[in-house]
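> Everything below, folded, please.
(chains A, B and C, ligands or ions: 2)
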Amino acid sequence: MIDRDQVFHVARLARLRLSEQEIERMTGELSSILRHIETISGVDLDGVAPTSHVVGLENVLRADEPRPSLPREVVLEQAPDTDGEGFRVPSPGT
Amino acid sequence: MSDVLDVSAAAAIEQIAAGELSADELFEAYRARAAADDLNAFTWVANAAPAAVAPGAPLAGVPLAIKDLFCTEGAPSQAGSRMLEGYLPPYTATAVRRLAGAGAPLLGKTNMDEFAMGSSNENSAFGDVSNPWDHSRVPGGSSGGSAAAVAAGLAPWAIGTDTGGSIRQPAAMCGIVGLKPTYGAVSRYGMIAFASSLDQAGPLTRDVTDAALLLRHMVGADPCDSTSTGLPGDIALPTAERLDGLRIGVPPQLTGEGIEPGVRDVFRRTLSLIEDLGGTLTEVELPHSEQAVAAYYVIAPAEASANLARFDGVRYGRRAPDSDTLASLYECSREQGFGDEVKRRIMIGTYALSSGYYDAYYGNAQKVRTKIADDFRAAYEQVDLIVTPSAPSVAFPLGERVDDPLAMYLADFLTVPMSLAGIPGVSIPGGLSEGLPVGIQLAGPAFSENRILEAAHALEHAIGFDGSAARREGR
Amino acid sequence: MTPANYEPVIGLEIHVQLATRTKMFCGCRLGFGEEPNTRTCPVCLGLPGALPVANAEAVHYALMIGMALECEIAPRSIFHRKNYFYPDSPKAYQISQYDIPICGPGRLGDIRIHRAHLEEDAAKLVHAGASGRIHSAESSVVDFNRCGTPLVEIVSEPDVRSAQQAAEWLRLLRVTLRQLGVSDVNMDEGSLRCDANVSIRPVGSTELGVKTELKNMNSFRFLERGVDAEIARQTALIEAGCTVTQETLHFDPRTGSISSLRSKEEAHDYRYFPEPDLVPVVPTEAMLDRARAALPELPAARAARLQADVGVAPDAARLLAFRPELGDFFEAAVAADGGAQPRQVANWVTGELQAALRDGELASAKVTPGALGTLVGMVEAGEVSGSAAKEVLGVLVHDGGEPAAIVEERGLAKAGGDELGAIVDRAMADNADAVERIRGGNPKAIGAIVGAVMKATKGAADGGEVQRLVNERLGA
Ligand SMILES: [Mg+2]
Ligand SMILES: [Zn+2]
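Numbering: from 1, shown residues only, chains lettered A, B, ... in the order given. Ligands and ions are numbered 1, 2, ... in the order given. A predicted model of the protein is given here:
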C-alpha cells in the first residue's frame, strides 16, 4: 500500500506537481491498483529468470559510420525557448 | 462515390491496377469523408495526397490513416497529448515510411488515448472518439481513432499500435480486423514510445486480406531499431476456406469468468464454426494469465515512466508559461501537459522502480512475464493457435468507467498475456451482441502471422460478418 | 590524535571519451568546438520515437580497455537506464551499464580495477548569467553536440593511499589509454575526467570511513590538490569530533576550497532498469580476437620487459615505459647499436637526456637515437669522459650532428693510452711527496696527482682511468 507521503515523494521523483486534491485522489487509486498488483506475490517465483526482452537478439551493433546531423534551425524549431544557438532553460540552482 | 468507399483496400488496388479507379479520386473521396468526420476519429487530415505514388507501387495509392503515435515529418504528431500539441517532428517513423514507399499515402492522423494509455479513447487531450456503431459508446482504445475511422469508412485502412491490446480491443469494439504482430516484426523507430518492450505496430482493416496486405509492407528489420527482427518469410495473402487439421486451443482462464454473456454467446458460436470448418478444439492451460494484468501494469508503467521523462519542456512540446526556475519548468510543464491517466501510470511506474520496491514490483513482474511466456510455449506444443474473445464486453457507454481505473485495467485481461509473451494475435469480428460487434482473438506462437491470417481468413468467411451498417452512417 | 594517525582511502572514477568517429547510439559525428547544436539528430536529442543503436567500435574500444586493464570481460553484458532529470540529459535517463558491466575486475599497476563500463556522455550546459557562475546565472543554454559521445567509465578499487599516488596512477592510466589509441585523453578538453572517492580511517583499521565524492578535477595538479584538501578537511572534522557526511563535492582550484555540489533535498534514486531498446552485448571470439590483436605493448608490460629482457634498472624502466616517447627513443638508440650497454643507454636517456631537455619536448630536440647510442658507446670505450659527453649531448640536443665530429671540433677527446701514461708519469714525478704519502698508507693523497693530470689535460682525462694508472705504477 502507499500513503500520502509516499505519493508526494514519488511525484517529486517523477517531476509532477500534484495538487493536494490530486495527491489525495492518487493515494486512493494507487492503493487499489497496487493491491491488485500485489497478487503477484502469490506466485512461486523462486529461481525464475526475469524477462526484460522477448526478442532473442544480441550484439545488434552499428558500424561507426557518420550520418548527417540535422540542421540547427530544424533542431531548434520546436523548442519553447532558444537563444538562436541552443535551448534556453532556467539555470539549475535557481 | 459510395461504390468506391465500399470496396476493400485490396479490391481498390485491383481496380486501380485495372484502370477502373483513379488513385487521386479515391484519395479525395476518403479525404472528404475524413475531413467531415463527426466521430472525432481524426486529429489531422491531409489537404491533398502528399506526392504522386510511384507507378506500380503495390499499394497503388490507397490512402492510410495513421495513429497519432507515429511521427510523420511535417504533419502534427501529438500522441493524444496536450504535451505535444502542434508538435511537428523532423522525421518519419520507419513503418510509415515503408508504407508510403509501398504506395499508401498519409490520409490523416487518428485520435488515440494519450500516449496510448487507455482502453476507451477517453484519455485523449483532443476529445473522446465515438463508436460508429453507437455514437454514445467508446470505440475502444488506445487505437480508437484508427478503429473508428476504418469501421465508419472514413479511411480504407489504418495502422495502430498495441502494447497490451490497443489494436485488438478497439478492432473488436468497432467490428473490424486488427492484428498485433510478433514483437520485433515491425520497427518501432519513430513510434512514440509507451512501453518499449511491449509496443508493436500493426494494421486495422475491414477484412483479413487487407490486414495481410498492409502487414506485408510494414514488417522488416530496421537498422534504426535494435529490437526489430522482421519476419522469417513474406506475408502471404490468405486463401484458406477450411481449418482442416488445425488444432485450436481454448484456455479456460481466458474464455470463462469475467466475460459478459453476449460475448460468450458469440464466442461459443465461433467455436462450433471452427469445428464445422474441420478444426479441432482442445482445452489448454495458461495458468499464469491470471497474473498477467498485474505484471503488465507494473512493466508497462515502469517503462513508460522513463519513456515519458523526456517531455520536460526543454527541446519540444509544452512548456508551462512563467516557469522561472528549473524545478517549476519541469513540474509545471509536466503537470499541465499530461492528463490524469498518464500521470497515474507515471506514478505507478516510478514507484515500482524506486529504491526499496524494485524487486517486489518490477523484478517480480518480469518473472511473471517469464512464466506467462513459458505457459504459451507449453500450450503451443499441443495446439497451433489459441482462440479467445478479444474483449470481455462490447463497446461500453462513454463515461461509464472513467472513475474506476482498476476496472478499466482488469478489462485488458484477454489481450495482455500475448503482449507480455511477445506473440502475435488478430481480432476479427465474430458477430453482434445487442447490435454491437464482438471480437474473436486468434493468437499463435512467435512469427506465426501467416498461420494466424490463414485461419482468420477461413473463419471470417464462415462468419460472414457484415460491417457495412457502420459505414453507411453519415453517407 | 594527529593526522599521522589517519590513513586516506581513495578510489578513482574516470570517464574516458572514446575517439570513435560517431556517437555511442547514433550516427552523429563527435564534436569538439563546433557551433552549438550542429551535431545532433533525433536520437541524441531524445526526440519522441527515436531509438538507440550501439556503436560497434565503441564496444571494440571498451574491450581493448578491459583487456589492457586485465579485466574479466563479461560473457554477456546489458545496458540500463539511469533516470534523472537535468537539462543536459535529453531523455531524462542516461543509457549506462549497471549490474553487468562489459568489464569486470582487473588491475593496472598497484591499483585494482573494480569495473569498466560503457555509457553515453551528457550535453553541455552553458551558464549564461551575468557572472557566468552557476548560482547567479538566470538562464542557461543547452548544447547537445557532446551529448551521446561514447564513454568508458573506469572505477578503481579504493586502493590509493595518497593524493600523489592518485595523480601518479592517473598518469599511468592516461599513458595506457593513449597507447591504446582509444581516446584523446585530454584533461583540458574533458576527454579524460576524474572523480575521487575519499575517506579516511585510523591507521590499522580495515573498515572504510564515510566517503565523499570529489567531482571533475580537470588536471593532475587539481586532482592532487583537491584530494589533499579533502583529506585535510575530513581530518579536521574528525579531530573536532564531527562526522563526515556522504556528499558530492566540488573543488575550486582558484581558492582551494571545497563546496557541496548538489543540494541533498533531492535525494538520488536513479531507478535503474534494463534498457528495453537495446539487446545484450555478447562478445564473440571474433570480437575478442580483434580487440586482442589491436592491443599495443602497454606500459606495465613494457616496464617488465625492459627490466627482465633488456636489463634496464627498475626506476629507469618504469620511466621509459610510462613516457612512451622516451621509451621509443631508448629502444631506437639501442637498436642503432653504438656498442653501448642498454642499461647505460637507459640511464643516459632517463638522466642526462631528460636534464638536457629541461622542459623541452623530445620531439623538438635535434638529437637522434643513433647519436646518443654512439655517444654512450664512446663513454664506455673510454674515448670520452663523462663530463665531456654531457657537453656533447648539449650540442646534440640543440644543433644535432655526430658525436665524434663534435668531440673532435671541441677538442674533447679523452687523453688516452700512452699519451695519458706519460702525463701520469710526469705528474707523479712532480708530486713525489704525494707518492710517498700513498705508499705510507694514505690513499687520499692520490687526489693531488689526479688533480695535476686533470690540469694538464684540461679535464679531458677520465678520473677513474687516471687512478687506475697511478695504482698500476705503484704496484697496488
Ligand atoms: Mg558515469
Ligand atoms: Zn545524433
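
> which residues touch the residue in the stretch 101-250 of chain B positioned nearest to ligand 2?
With CB to the ion as the measure, residue B:224 is the residue of the stretch 101-250 of chain B nearest to ligand 2, at 11.6 Å. Quick note: C-beta positions are derived from backbone N, CA and C, even for glycine. For residue B:224, the contact set (CB atoms under 8 Å, 6 or more residues apart in numbering or on different chains) comprises B:94, B:187, B:189, C:51, C:53.

> Export those as JSON lines, with columns for pLDDT.
As requested, the contacts of residue B:224 are exported to JSON lines (pLDDT from 0 to 100):
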{"residue": "B:94", "pLDDT": "98"}
{"residue": "B:187", "pLDDT": "98"}
{"residue": "B:189", "pLDDT": "98"}
{"residue": "C:51", "pLDDT": "98"}
{"residue": "C:53", "pLDDT": "98"}
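
> Which one of the residues you listed is nearest to chain A?
residue C:53 (4.4 Å; CB to the nearest CB).

> Surely that closest one is in contact with residue C:22?
No: in this structure residue C:53 lies outside contact range of residue C:22 using CB atoms under 8 Å: 10.5 Å.

> Dump the contacts of residue B:224 into TSV; add distance to ligand 2 as well.
Putting the contacts of residue B:224 into TSV (distance: CB to the ion, whole Å) gives the following:
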residue	distance to ligand 2
B:94	16
B:187	18
B:189	13
C:51	12
C:53	11
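
> Inside helices: which ones of these?
Assigned to helices by DSSP state H, the following of the contacts of residue B:224 qualify: residue B:94.

> Could you work out the most separated pair of the contacts of residue B:224?
B:94 and C:53 (12.3 Å; CB to CB).

> So for these two, which residue has more residues nearby?
residue B:94 (26 against 23; other CB atoms under 10 Å in any protein chain shown).

> gap between the nearest residue to that one once chain neighbours are set aside and residue C:105?
Of all residues not flanking residue B:94 in the chain, residue B:187 sits nearest, at 3.9 Å (CB to CB, 6 or more residues apart in numbering or on different chains). According to CB to CB, to the nearest Å, residue B:187 and residue C:105 sit 38 Å apart.

> what about those two, which has more around it?
A side-by-side neighbour count of residue B:187 and residue C:105, using other CB under 10 Å, places residue B:187 first with 27 against 14.

> surely that one meets residue B:228?
Yes: applying CB under 8 Å, one finds residue B:187 in contact with residue B:228, separated by 4.7 Å.

> Now the common contact residues for these two.
Taking CB under 8 Å, 6+ apart as the contact rule, residue B:187 and residue B:228 both touch B:220-222.

> filter those down to the ones close to ligand 2.
For ligand 2, no contacts are drawn from the shared contacts of residue B:187 and residue B:228 by CB under 5 Å from the ion.

> Smallest distance to chain A belongs to which residue of chain C?
Here chain C gets closest to chain A at one residue, residue C:27, 3.0 Å apart by CB to the nearest CB.

> where does chain B dip in pLDDT?
Filtered on pLDDT under 70, chain B yields the residue ranges B:1-2, B:473-475.

> quick one: the strands in it?
Secondary structure of chain B (DSSP state E): strands located at B:42-45, B:64-67, B:106-110, B:157-162, B:177-180, B:200-205, B:247-250, B:280-283, B:385-389, B:425-433, B:436-443.

> what's the angle from the last one to strand B:425-433?
Strand B:436-443 and strand B:425-433 are oriented at 150 degrees to each other (axes from the mean of the first three to the mean of the last three CA atoms, to 10 degrees).

> Remind me what strand B:436-443 packs against, helices and strands.
Secondary-structure packing of strand B:436-443 (3 or more CB pairs under 8 Å, 6 or more residues apart in numbering or on different chains; DSSP states H and E): helix B:168-174, helix B:261-276, strand B:385-389, strand B:425-433, helix B:449-463.

> Could you export the ones you listed to TSV, including columns for distance to residue C:185 and mean neighbour count?
Shown next, in TSV, are the helices and strands packed on strand B:436-443 (distance: least, CB to CB, whole Å; neighbours: other CB atoms under 10 Å in any protein chain shown):
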stretch	distance to residue C:185	mean neighbour count
helix B:168-174	54	35
helix B:261-276	66	16
strand B:385-389	57	26
strand B:425-433	53	26
helix B:449-463	51	23
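
> do you know which of these lies nearest residue B:8?
Shortest distance between residue B:8 and the helices and strands packed on strand B:436-443, using CB to CB, is found for helix B:449-463: 11.6 Å.

> rewinding a little: count of neighbours near the closest residue to the residue of chain C closest to chain A other than its chain neighbours?
Residue nearest to residue C:27 in three dimensions, not counting chain neighbours: residue A:67, with 3.0 Å by CB to CB, 6+ apart. Using other CB under 10 Å, residue A:67 is surrounded by 12 other residues.

> and residue C:319, that one's in a strand?
No: Residue C:319 is assigned helix when assessed by DSSP: H, G, I helix; E, B strand; the rest coil, not a strand.

> which ones are touching it?
By CB under 8 Å, 6+ apart, residue C:319 lies in contact with C:326, C:350.

> Most proximal residue of the stretch 301-450 of chain C with respect to chain B?
Residue nearest to chain B within the stretch 301-450 of chain C: residue C:301 (36.3 Å; CB to the nearest CB).

> Would you list the phi and psi of the closest residue to residue B:458 other than its chain neighbours?
By the measure of CB to CB, 6+ apart, the closest residue to residue B:458 outside its immediate chain neighbours is residue B:240, 4.3 Å from it. Torsion angles at residue B:240 (phi, psi; degrees, to the nearest 10) stand at phi -60, psi 140.

> Now do the contacts for residue B:240.
By CB under 8 Å, 6+ apart, the contact set of residue B:240 is B:454-455, B:457-458.

> sorry, back to before: so for residue C:150, which of the helices and strands packed on strand B:436-443 sits nearest?
The nearest among these, by CB to CB, is helix B:449-463 at 37.0 Å.

> Restricted to helices, list the shared contacts of residue B:187 and residue B:228.
Using DSSP H, none of the shared contacts of residue B:187 and residue B:228 sit in helices.

> returning to that earlier point: state the distance from the residue of the stretch 101-250 of chain B closest to ligand 2 to residue C:25.
On the measure of CB to CB, residue B:224 and residue C:25 end up 11 Å apart.

> so what's in contact with the two at the same time?
The contact lists of residue B:224 and residue C:25 share residue C:53, where a contact means CB under 8 Å, 6+ apart.

> tally of neighbours for the residue in the stretch 301-450 of chain B that ligand 2 sits nearest to?
Residue nearest to ligand 2 within the stretch 301-450 of chain B: residue B:315 (12.9 Å; CB to the ion). Using other CB under 10 Å, residue B:315 is surrounded by 25 other residues.

> ok, now which ones touch residue 75?
Unless you meant another one, I'm taking chain A. By CB under 8 Å, 6+ apart, the contact set of residue A:75 is B:90, C:37, C:40, C:45, C:144.

> Please refer instead to chain C.
Contacts of residue C:75 (CB under 8 Å, 6+ apart): C:282-283.

> next one: residue C:275
Shown in contact with residue C:275 (CB under 8 Å, 6+ apart): C:52, C:78-81, C:95.

> Next: residue C:367.
Contact analysis of residue C:367 by CB under 8 Å, 6+ apart lists C:353, C:393, C:396-397, C:400.
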